[in-house]
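*Asks:* Fold the following.
(one chain, ligands or ions: 1)
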Amino acid sequence: MSDIVYFNGDFMPRDQVRISPNDRGWLLGDGVYEVAPCYAGRFLRLDLHLDRLGVSLAKMAIEGVDLAEIERVSWELLRRNDLLAAPRSLVHFQISRGSAPRTHAFPVPAVPPTVYGFAARFARKPQCETGGAIITRSDFRWSRCDIKAISLAANCLANQEAQAAGAFEAVFVRDGMVLEGSHTNFFAVQNGVVRTAPLGNYILAGISRGVAIECCREAGIPVLEEALPESALAAVDEIFLTGSTTEVMPIVAVDGRPVGTGTIGGQTRTIAELYRRAAEAA
Ligand code: PDD
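*Replies:* Okay, here's the model as predicted:
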């Protein structure tokens, strides 16, 4: 049976969605998306996901999306797909500038945005238990990584390279600094201090990044929002990634070399546990 999705104001079975070949998302990658995780009917920071969606839309000058409606639809998608009791689920919204004959400049007059939303289950990644591996790659993305844009070709290429190398994630390095993964934020721990790239135009302001920083504060672990030089990677004690569906994932190998002792570190365990509790208590 086809699941129930949201498309331009209506709920319908997924196989009834019809998107125009003139859609600017398809033709130009001209749109934004958002993914919010939900634990047994409790969203983890849905408000922050909606705020970030609003920021992405504003930075892309896409108008005509009602965030209160997106919030209502988020709950409705879970309800209609019987996911309110699922241990882990997500809602995903994909919004393009709309459908119009192909021009680089925005259509005149403006057209309504295309809004597609769906809900799905997701599972805890096995590497959260065992520890995962990452590879490093030079950051060949654009320089507006703060926008959650749907044009993800560079992220796909990099992640595919990681998968081919038997790793979970590719982490981008720009100007010698380790920034973030293809779909996760990056954290390193050295001498008891947690370090992650600062917010700005080179990383996405991950919501789970923010929750992990709160967890550090709760545990009294100092956090430095300064990017780690790539040259310091070999000397860090622990690494972990965060993401809405990745949660807190310990990383035990970088480019085929062990991180620290090559086992899951103590600070990472603490932060992962506090993150789990935050998700349960959401
Ligand atoms: N990815 N950095 C990038 C480039 C991302 O695409 C994501 C999320 C994150 C983590 O953000 P958050 O903690 O808000 O999930 C960081 C989503 C989940 C995806 O593409 O599926």
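
*Asks:* So the residue in the stretch 1-150 of the chain positioned nearest to the ligand, which state does it fall into?
*Replies:* Residue nearest to the ligand within the stretch 1-150 of the chain: residue 35 (4.2 Å; Cβ to the nearest ligand atom). To be clear about C-beta, it is placed using only N, CA and C from the backbone, and glycine gets the same treatment. Under DSSP: H, G, I helix; E, B strand; the rest coil, residue 35 falls in the strand class.

*Asks:* That one: neighbour count?
*Replies:* Residues lying near residue 35 (other Cβ atoms under 10 Å) number 19.

*Asks:* beta partners for it?
*Replies:* In this entry, residue 35 is beta-bridged to residue 92, by DSSP bridges.

*Asks:* Does it touch residue 244 like I think?
*Replies:* Yes - using Cβ atoms under 8 Å, residue 35 is in contact with residue 244, at 5.2 Å.

*Asks:* Find residues that contact each of the two.
*Replies:* Any residue near both residue 35 and residue 244 by Cβ atoms under 8 Å, 6 or more residues apart in numbering counts here, and that gives residue 90.

*Asks:* For residue 177, give the beta-bridge partners.
*Replies:* Going by DSSP bridges, residue 177 forms beta bridges with residue 174, residue 229.

*Asks:* Use 521 as the first number from now on
*Replies:* From this message on, residue numbering opens at 521, which makes the last subject residue 697.

*Asks:* What's the separation between it and residue 751?
*Replies:* 10 Å (Cβ to Cβ, to the nearest Å).

*Asks:* These two - which one has more neighbours?
*Replies:* Comparing residue 697 with residue 751 by other Cβ under 10 Å, the one with more neighbours is residue 697, at 17 against 10.

*Asks:* my guess is the more buried one contacts residue 748, does it?
*Replies:* Yes - look at residue 697 against residue 748 with Cβ under 8 Å: they come within range, at 7.0 Å.

*Asks:* Tell me the residues of the chain that contact the ligand?
*Replies:* By the rule Cβ under 6 Å from any ligand atom, the part of the chain lying against the ligand is 555, 700, 703-705, 724, 726-729, 762-765.

*Asks:* Mark which of the residues you listed are part of helices, please.
*Replies:* 727-729 (DSSP state H).

*Asks:* export those to a markdown table and tack on pLDDT?
*Replies:* Output for those, formatted as a markdown table (pLDDT from 0 to 100):
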| residue | pLDDT |
| --- | --- |
| 727 | 98 |
| 728 | 98 |
| 729 | 99 |
